[in-house]
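Peer 1: Have a look; sequence and predicted model below, questions after that.
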2 protein chains.
Amino acid sequence: MNDICQFNEALEKNAANYVPLSPLSFIRRTAAVYPDRTALIYNDECYSWQQTYSRCCKLASLLTHFGISKGDTVAVILPNIPAMYEAHFGVPMVGAVLNAINTRLDPEAVAFILDHSRSRVLLVDPEFTDVVEKALARLKGPAPKVINVSDPSQGAERWIGDLEYEALLADQPEMVDWQLPSDEWDAIALGYTSGTTGNPKGVVTHHRGAYLNAVSNVLSWSLPSKVVYLWTLPMFHCNGWCFPWTLAAIGGTNVCLRRVDPQQILNLFSKHHVTHYCGAPIVHTMIADAAVAAPEPIEHKVSGLIAGAAPPASVLKRMETLGFELTHVYGLTETYGPASVCAKQDDWVQRSQDERIKLNGRQGVAYPLQESMAVLDLVTMEPVPADGETVGEIMFRGNIVMKGYLRNEPATQEAFAGGWFHSGDLAVMEPDGYVKIRDRLKDVIISGGENISSLEVEEILLRHEDVELAAVVAMADAKWGEVPAAFVQLRPGSELSEAALISFCRENISRFKVPKKIIFGPLPTTPTGKIQKFQLRQQLGAIPQD
Amino acid sequence: MNDICQFNEALEKNAANYVPLSPLSFIRRTAAVYPDRTALIYNDECYSWQQTYSRCCKLASLLTHFGISKGDTVAVILPNIPAMYEAHFGVPMVGAVLNAINTRLDPEAVAFILDHSRSRVLLVDPEFTDVVEKALARLKGPAPKVINVSDPSQGAERWIGDLEYEALLADQPEMVDWQLPSDEWDAIALGYTSGTTGNPKGVVTHHRGAYLNAVSNVLSWSLPSKVVYLWTLPMFHCNGWCFPWTLAAIGGTNVCLRRVDPQQILNLFSKHHVTHYCGAPIVHTMIADAAVAAPEPIEHKVSGLIAGAAPPASVLKRMETLGFELTHVYGLTETYGPASVCAKQDDWVQRSQDERIKLNGRQGVAYPLQESMAVLDLVTMEPVPADGETVGEIMFRGNIVMKGYLRNEPATQEAFAGGWFHSGDLAVMEPDGYVKIRDRLKDVIISGGENISSLEVEEILLRHEDVELAAVVAMADAKWGEVPAAFVQLRPGSELSEAALISFCRENISRFKVPKKIIFGPLPTTPTGKIQKFQLRQQLGAIPQD
């Protein structure tokens, strides 16, 4: 090791050559370079990048006016409307941390989050006034100042207090001297995971990671500058996978959407020539159903990212047939959303559709700017062989991994044990180096000593054309310890029987994996389309066992 | 400022959530994700990404074998051949710093650089054996170990010593345990600027900046994954503007090129379906000339980046007419190559060609991941008004700015004075926020107290259809102090006279800006196509003045 000093001597960081990475730089540049391009569309509202930037700067002033500064938490309970987008910039502009709360949580969960996050200001859409009022009544700590974000298009509204976002913004000057964070490791957002047991954990993310994953989205999807992006994915979900910042980086157009209404989505596709959108499998299924029923096909190419532990083959197939280009991504709140992508290989287009769908449905490889994705043995932490058989846990390492859980050191240490972030998902490494999920650690069914992947059984059920949604959970069994039980939501009009579906399963998987019981009915899903298995387990506990 | 602690408490960096930014991560990922895709083509050689990565890992082993480790300098004098590409990865893999030397320098300059950089190993292409031998004879410090990179396609060779790259590589194992830098601020490369006075300065760049500008190239040019990139730009020039790392980031294909031969370039365009290339204006002119003369047009779309202080309108126009899509970028060795881009606005396509060419020929706006580009008053350091009239100096700020000059603290401090990097180029800010260069600070001609931009006069000369190259410098004048003198290289076959060209100038610019003397003949250019004005000034000094 010679001369190392010569490359570090009098060559320090200074104001000219070092700037902390922050996605706030993106909106400043885009507002300057493309001031007149359309940034945001919501119903009949339309804002240019210059206007959007100006509104974010006004929000920053407003927050300062309310005493918010570095390290404070600002919470929002908002659908994908302009205020939600603006909060992704205006809040960090004053050094505060954005806590975007899932709009479908119950008052108790909202109260816990507001308390735990120490939120000092809360932006609320009147659609959620009831829940928020109840949550505020349950708070243990000081109540945040509530700002109502009025939406006249939604009819009569009931507010909490009398502060209104648009009116307050109108009175504010633009904050022109907002600062980038002094350290790129400073927190930018806080997102609570929907833990199935115990209290939710607050995932703290930083400016550096938000910057890098925003760019990683561009690289992964080869996004051109003139994207028109439809907000089918909730921005409260891992900050919309960092796409608010991605759109600012490339100067694309955001089309806002209050709720996932497939008919409206189709209308917006053609009205605004939408080119890209993201969502859980259920969102794509709804779009596919609506597209099939629509009188006219979509004329232009639309690309979608599909998340979820394992996108059902049926969805991928239907969307491909309709001309959509879907790419599967996988990640967690702890990884800023997508941290892996099923990168398409050049020769896959020549494969049969079934084969291609199978290849495209895997969790794939590390996201472009994520350092590593590995499947490691749970005990030895060594990589499992790439044999498509040996199960290990998916782990990540890199800059697109959270700082940790807020005020929860034990959980943080557990998550980072051994220098890797533990996803909690079990998977195999296929011979081509692509990761394929087997199951959530906690969803594995252990039957007579054999592991049964609930996902594998669900995939078989979903192959039946009458099955719309399926979830498989462990059912206690005197003889086997556990056996699989299935909850199935049928397509409208189907009269499929339990016996017929069990017989279908028997033709397709090993006998011991076939569900011993099938319960038909609508399945409870989270706002992001994940089936709430813990509810099904509770329901199963209440059903008399054979 | 409340609760700042809660977002920093027990939320430190660790192996799972923090990795230094380095472009080495790109090649590791691409070799894993696209192992069989073509990475490099050179004549009949063709390497996949897996092979290229393997060769880089062998080079790392070889360097370790020769005692190279962290902080050492490895120099190369190579054209754009595979070994040059591999050096951009193999050298930093062992923590060493790549010193890519301009292949057109004379022995004295090469000797200065080898001494000053303390290079310990030198890779040489036998095309440059003569120069390197003479340089080695002049060294003041210890001589580097020389490795000859044999190229059988070039016929008889004379080596320096008996070490040969390919043979050495064949004996090496792949280094599998190479490490990312421990600090992203560690140096990755050293590039000597072709200073016109005094000794060249060694620009030190770091892993973080190389990573960010490699990605910035993707954002700026909306590069898709399957790019076929032709190496018309020397990799010794600001490390090929970071494109070696860009291609690794997206998994594109590099087509190597020993020298800029327009006929061969056209052949490669069609043979490999080249989609992208970069170069100085002269490179594009040569391609345009060859394309016009070619029997068949290029069938597919080709995009080029054109550098240089001010690309002549004539080149932009001819290339557009031929169907090429050119984008102008501007930068310096100190900014890793391009640090600004003339980002195209949506409505420019509707303008007249002349107007569009004029708009496209400006230095534009900050590169996507560069923080700021400004035109500041030389004295007050305040931004000049965006009036297209007031002249200031172009300055940059951001992560795409060098660490500083190697062992040259005074020059480093001067370059970063006031917290901005001083480019030395004079410019105006146009009303739309786009920067337009007026001149190099040192090239301004001061005539009777009036500033004359040498670039402005050159642009007029270049509008004449017989003029191929033009350079205007100051000539001493008893009455005016200085007056403009022009050196002009005519197109083959032209018989344009001095009087006719002066008369042409009079029709187009103010009288005091018209050259008082025109000297015809071939112009000396640097390897990157810049006209060497200091040589012209010397030549002018030797011509008897009127």
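Peer 2: The structure has been received and is ready for your questions.
Peer 1: Run a quick check on residue A:64 versus residue A:94, I expect a contact.
Peer 2: Yes. Counting by C-beta atoms under 8 Å, residue A:64 touches residue A:94, with 5.6 Å between them. In this view, the C-beta of every residue, glycine as well, is placed from N, C-alpha and C.
Peer 1: For the stretch 1-150 of chain A, give me the ranges with low pLDDT.
Peer 2: Along the stretch 1-150 of chain A, segments meeting pLDDT under 70 span A:1-4.
Peer 1: Next to chain B in this structure, residues from it, please.
Peer 2: Residues of the stretch 1-150 of chain A that fall close to chain B, judged by C-beta under 8 Å from any C-beta of the partner chain: A:1-19, A:21, A:25, A:29, A:32-34, A:37, A:69-73, A:95, A:97, A:118, A:120.
Peer 1: Nearest spatial neighbour of residue A:433, chain-adjacent residues omitted?
Peer 2: residue B:32 (5.9 Å; C-beta to C-beta, 6 or more residues apart in numbering or on different chains).
Peer 1: re the thing from before, intersection of neighbour lists for residue A:64 and residue A:94?
Peer 2: Shared contacts of residue A:64 and residue A:94, defined by C-beta atoms under 8 Å, 6 or more residues apart in numbering or on different chains, are found at residue A:175.
Peer 1: And the two? Which one has more around it.
Peer 2: Using other C-beta atoms under 10 Å in any protein chain shown as the criterion, residue A:64 and residue A:94 rank with residue A:94 on top: 21 against 17.
Peer 1: Confirm for me that that one is in contact with residue A:178.
Peer 2: Yes. Counting by C-beta under 8 Å, residue A:94 touches residue A:178, with 6.7 Å between them.
Peer 1: picking up where we left off before, buried among the residues of the stretch 1-150 of chain A next to chain B? Need that as a selection in ChimeraX.
Peer 2: The ChimeraX selection below is limited to those of the residues of the stretch 1-150 of chain A next to chain B classed as buried (16 or more other C-beta atoms under 10 Å in any protein chain shown):
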select /A:3,4,6,7,11,14,16,17,18,19,21,25,29,33,34,37,70,71,72,73,95,97,118,120
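Peer 1: What about the residues of the stretch 1-150 of chain A next to chain B, which are in strands?
Peer 2: Judged by DSSP state E, the residues of the stretch 1-150 of chain A next to chain B include A:73, A:97, A:120 as members of strands.
Peer 1: OK, contacts around the second one?
Peer 2: With contact set as C-beta under 8 Å, 6+ apart, residue A:97 has these partners: A:71-74, A:91, A:187-190, A:204, B:7.
Peer 1: from the residues you listed, which is closest to residue A:538?
Peer 2: Set against residue A:538, the nearest of the contacts of residue A:97 by C-beta to C-beta is residue A:190 (28.5 Å).
Peer 1: can I assume that closest one sits in a helix?
Peer 2: No. According to DSSP: H, G, I helix; E, B strand; the rest coil, residue A:190 belongs to no helix; its state is strand.
Peer 1: Mind jotting down where the strands sit in the stretch 251-400 of chain A?
Peer 2: A:253-255, A:276-279, A:303-306, A:325-332, A:337-341, A:365-366, A:372-376, A:392-397 (DSSP state E, counting those that start in this stretch).
Peer 1: Please export the C-alpha coordinates of the longest one as CSV.
Peer 2: This means strand A:325-332. Extracted C-alpha coordinates of strand A:325-332, given in CSV (Å, rounded to 0.1, in the frame of the first residue of the first chain):
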residue,chain,number,x,y,z
GLU,A,325,-45.8,-5.2,-20.8
LEU,A,326,-45.5,-6.3,-17.2
THR,A,327,-42.3,-6.6,-15.3
HIS,A,328,-42.2,-8.2,-11.9
VAL,A,329,-40.5,-6.5,-9.0
TYR,A,330,-40.1,-7.6,-5.4
GLY,A,331,-39.2,-5.7,-2.2
LEU,A,332,-40.4,-4.6,1.1
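Peer 1: Please consider this matter closed, and thank you.
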